[in-house]
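J.: Mind folding the following:
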Amino acid sequence: MTKRTRLALATALVAALALGASGCSGDAKKSSAGGGASNPATGNEGKILGGTPVRGGTLTILSNQDFAHLDPARNWVMPAMDFGTRLLYRTLVTFKAEPGDAGSELVPDLATDLGTPSNGGRTWTFTLKEGVKYEDGSPVRAQDVKYNVERSFAPDLTGGPDYAAQYLAGTEGYKGPLDGKHLDSVKTPDDRTIVFELERPVAEFSATTTLPTFAPVPESQEKGTQYDSRPFSSGPYKIESYDRDKKLVLVRNEHWDERTDTVRKAYPDKFVVVMGLKGGQIDDRVIAGEGADASAVQYSDMRPESAPKVLPEPDVKARLLAESQGCTEMLHLNNSRAPFDDPEVREAMQYAVDKEAVVTAGGGPALNEVATAYLPPALSGGEQADTLKIAPAGDPAKARELLKAAGRETLKVSLAVSTGDKGKAEALQQGLARAGIEVVVDTVDPGAYYDVIGDLSTTPDMTLAGWCPDYPSGATWIPFVFDGRTIKDKGNQGNYSQFRDDATMKRIDEINAMADAKEAGRAWIDLDAALMAKSPAVPVLLERKPLLVGPNVAGAFGHPVWTGTIDYATIGLKDPSKSQG
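T.: Numbers count the residues shown, from 1 in each chain. All right, here's what the predicted structure looks like:
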């Protein structure tokens, strides 16, 4: 297949994600619960709130949590990934900072273009722009990007994207550069050229390099796990102070040159992230929009119970972003041990869950829709499949029948959720009780949640977690969530069900080997249906991203690719003189 055809297919996939994520696919929305033009949360969809920002001032971010990780080798959850790649470090390629369809377009960032494939798509070459500098004025080099890619293999630097391990050639047994060993499959013939040798052709590799793995880290700045607290900036801002779990302050990186950066506008002089606040407290502060809070945005989602304070009030609703996240939230069942090592018990769970109750607990149909498959609509032709045909409220009688056949008429299982999802957990608990399933709920601090459920020694029987495509391809979804080879003792990401199935892994390999992206897209949809029959997890919700901004905030929109999170590349203030901090 020619280079032009490959690029066209990849671009078509990106456009498909934009349609699903930004809600522009009318037919899909009409067929989805809670969707369509009548949805009261969609009034600002695809819009930029507050007009064009004025340079200067302090933008405050109110958060209920610290960042899971800011080290680019470890940063793989939203909105931390958005925050890091827009403010602190740049990647080889990125997405446009625009709402709607335009935001799904790939554009060069550190690189001069989107990369050049050769060797049948197994080799990709990127050339770095001239004049890109770190916060100390030293130049960004290709060797620094190579070094961070290598760091992503280090066993101590857990939590980051696994694409380098999946795609690069000759990585078996590699444990990162901390012991002085380097990858032969990443070459840097000079300071501005980096060449990736892949195990197989990857048509969408340009999109892969939007991830923080492909940001630069100079070897001289290596601090191991402590790098999380002080990443070395190649972006428009640098860290002035970071008091973990309390406050992070970013100030301008005076060596960032806007002439090398077509994406980031760097309007505010300073970003102040205030952490450890209660979710309802954050909502109330931004709703009131007084003092410093007039120039504030919220980092974590608006609480479901705040919807009645927002949706009926036109002035407040006008400051609400609620883009589709383009993700599927699932109840992951721990397949590695009883009772969920039994496929019949897992099938019973599909019928036992009351998804309607969870939708209500999550803020109602304005902010959630019932999920009927694993792949989100953007990766399955605009709407989710529904192969099991189970009513949204579930079928507890059918669940009891399946449990009885499995010799499990009663069950007692544990469920871990992030603190903010306690309401959803209680809805799950009550729904499952109808089928004789007793659930013990454990709430975990949001900043530690993914570390807890990603550690095989601490993961419970069930976890509630979503998965979003990193870019518009089923290759960024099913292999990470259901390929048993991705499971690690610690830092496990995606496969929280610990699902290991030989037939599934074989089919993943076959699809990954397909040269035609359209054929692969259809195959991922078929595999999704096959996985639903095996029930490693229960798809529960398709969520919107409800985020409030203060009345002095300008340039705010939910990015269509990055799960509807606020794009920090272009946000700022209407009147910087009114900001505080």
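
J.: number of nearby residues for residue 275?
T.: For residue 275, the count of nearby residues is 19 (other C-beta atoms under 10 Å). C-beta: built from backbone N, CA, C; applies to glycine.

J.: One more: the one 4 residues further on?
T.: Neighbours of residue 279 under the rule other C-beta under 10 Å: 22.

J.: For residue 273, identify the helix or strand it belongs to.
T.: strand 270-274 (DSSP states H and E).

J.: Quick check: can you name the pairing partners of that strand and their directions?
T.: strand 58-62 (parallel), strand 247-252 (antiparallel) (DSSP bridges).

J.: So in this structure, which strand runs the longest?
T.: strand 537-548 (DSSP state E).

J.: tell me what the helix or strand just after it is packed against?
T.: Downstream of strand 537-548, the first helix or strand assigned by DSSP H and E is strand 553-554. Applying 3 or more C-beta pairs under 8 Å, 6 or more residues apart in numbering; DSSP states H and E, we find strand 553-554 packed against strand 572-573.

J.: So which elements touch the strand it packs on?
T.: Using 3+ C-beta pairs under 8 Å, 6+ apart, strand 572-573 sits against strand 553-554.

J.: Contacts for the strand it packs on next, please.
T.: 49-54, 59, 267, 294-297, 319, 571-574 (C-beta atoms under 8 Å, 6 or more residues apart in numbering).

J.: Please enumerate the strands of the stretch 301-450 of the chain.
T.: 320-324, 328-333, 368-370, 411-418, 437-444 (DSSP state E, counting those that start in this stretch).

J.: Need those in a markdown table (columns: mean pLDDT, distance to residue 459 and mean neighbour count).
T.: As requested, the strands of the stretch 301-450 of the chain are exported to a markdown table (pLDDT from 0 to 100; distance: least, C-beta to C-beta, whole Å; neighbours: other C-beta atoms under 10 Å):
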| stretch | mean pLDDT | distance to residue 459 | mean neighbour count |
| --- | --- | --- | --- |
| strand 320-324 | 92 | 29 | 28 |
| strand 328-333 | 97 | 9 | 25 |
| strand 368-370 | 93 | 25 | 24 |
| strand 411-418 | 96 | 8 | 20 |
| strand 437-444 | 97 | 11 | 16 |
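
J.: Which one, of those strands, ends up nearest to residue 461?
T.: Nearest of these to residue 461, taken as C-beta to C-beta: strand 411-418 at 4.0 Å.

J.: helices and strands around that closest one, which ones?
T.: helix 422-433, strand 437-444, helix 446-453, strand 462-467.

J.: Could I get the CA-only coordinates of the second one as CSV?
T.: The reference is to strand 437-444. These are the backbone C-alpha positions of strand 437-444, laid out as CSV (Å, rounded to 0.1, in the frame of the first residue of the first chain):
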residue,chain,number,x,y,z
ILE,A,437,-24.6,-11.0,44.9
GLU,A,438,-23.2,-9.2,48.0
VAL,A,439,-20.7,-6.5,47.2
VAL,A,440,-18.2,-5.0,49.7
VAL,A,441,-17.2,-1.5,48.4
ASP,A,442,-13.8,0.0,49.0
THR,A,443,-13.2,3.6,48.0
VAL,A,444,-9.7,4.6,47.1
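
J.: Within its sheet, name the partner strands of that strand and how each one runs.
T.: Strand 437-444 is paired, per DSSP bridges, with strand 411-418 (parallel).

J.: show me where the stretch 151-300 of the chain has helices.
T.: With DSSP state H, counting those that start in this stretch as the criterion, the stretch 151-300 of the chain has helices at 163-167, 205-208, 279-288.

J.: Could you single out the most deeply buried of those?
T.: helix 205-208 (a mean of 26; mean count of other C-beta atoms under 10 Å).

J.: There's contact between residue 562 and residue 79 in this structure, I believe.
T.: Yes - Residue 562 lies in contact with residue 79 (C-beta atoms under 8 Å); the separation is 7.4 Å.

J.: Go through stretch 446-460 and flag the buried ones.
T.: 446, 447, 449, 450, 451, 452, 453, 454, 459, 460 (16 or more other C-beta atoms under 10 Å).

J.: same question but for stretch 420-439, I mixed them up
T.: 420-421, 423-429, 431-432, 434-437, 439.

J.: May I ask which two of those are separated the most?
T.: 420 and 436 (28.4 Å).

J.: quick one on the thing from earlier: where's the dip in pLDDT among the buried residues of stretch 446-460?
T.: Ranked by pLDDT, those bottom out at residue 447, which scores 81.

J.: who's in contact with that one?
T.: Contacts of residue 447 (C-beta under 8 Å, 6+ apart): 65, 66, 67, 68, 245.

J.: Residue 569 too?
T.: 86, 97, 263, 264, 265.

J.: what residues are up against the spatially closest residue to the last one that is not a sequence neighbour?
T.: In other words, residue 265. Here the nearest residue to residue 265 in space, its sequence neighbours aside, is residue 570; by C-beta to C-beta, 6 or more residues apart in numbering that works out to 4.8 Å. Contact partners of residue 570, counting by C-beta under 8 Å, 6+ apart, are 53, 97, 264, 265, 267, 555.

J.: Just put these in a markdown table and tack on distance to residue 326 and pLDDT.
T.: Output for the contacts of residue 570, formatted as a markdown table (distance: C-beta to C-beta, whole Å; pLDDT from 0 to 100):
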| residue | distance to residue 326 | pLDDT |
| --- | --- | --- |
| 53 | 26 | 98 |
| 97 | 17 | 97 |
| 264 | 23 | 98 |
| 265 | 24 | 98 |
| 267 | 26 | 98 |
| 555 | 22 | 98 |
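
J.: now the strand holding residue 273: how far from the chain's centre is it?
T.: Averaging C-alpha positions (C-alpha atoms, centre = their mean, to the nearest Å) puts strand 270-274 22 Å from its chain's average.

J.: ranking the strands paired with strand 270-274 by burial, who's on top?
T.: strand 58-62 (a mean of 25).

J.: which residues sit against it?
T.: 268-274, 277, 282, 285-286, 292-293, 295-299, 553, 571-573, 576, 579-581.

J.: buried subset of those?
T.: By 16+ other C-beta under 10 Å, the contacts of strand 58-62 give 268-274, 277, 282, 285-286, 292-293, 295-299, 553, 571-573, 576, 579, 581 as buried.

J.: Mean confidence (pLDDT) on stretch 468-480, please.
T.: 90.

J.: can you tell me the distance between the two ends of that stretch?
T.: End-to-end distance for stretch 468-480, by C-alpha to C-alpha, to the nearest Å: 10 Å.

J.: quick one: which of the buried residues of stretch 446-460 is nearest to residue 373?
T.: residue 453 (22.2 Å).

J.: And the closest residue to that closest one other than its chain neighbours, how far from residue 417?
T.: Closest residue in space to residue 453, ignoring its immediate chain neighbours: residue 463 at 4.5 Å, by C-beta to C-beta, 6+ apart. Computed as C-beta to C-beta, to the nearest Å, the residue 463 to residue 417 distance reads 8 Å.

J.: Provide a list of residue ranges in the stretch 451-581 of the chain with pLDDT below threshold.
T.: The model of the stretch 451-581 of the chain has no residue with pLDDT under 70.
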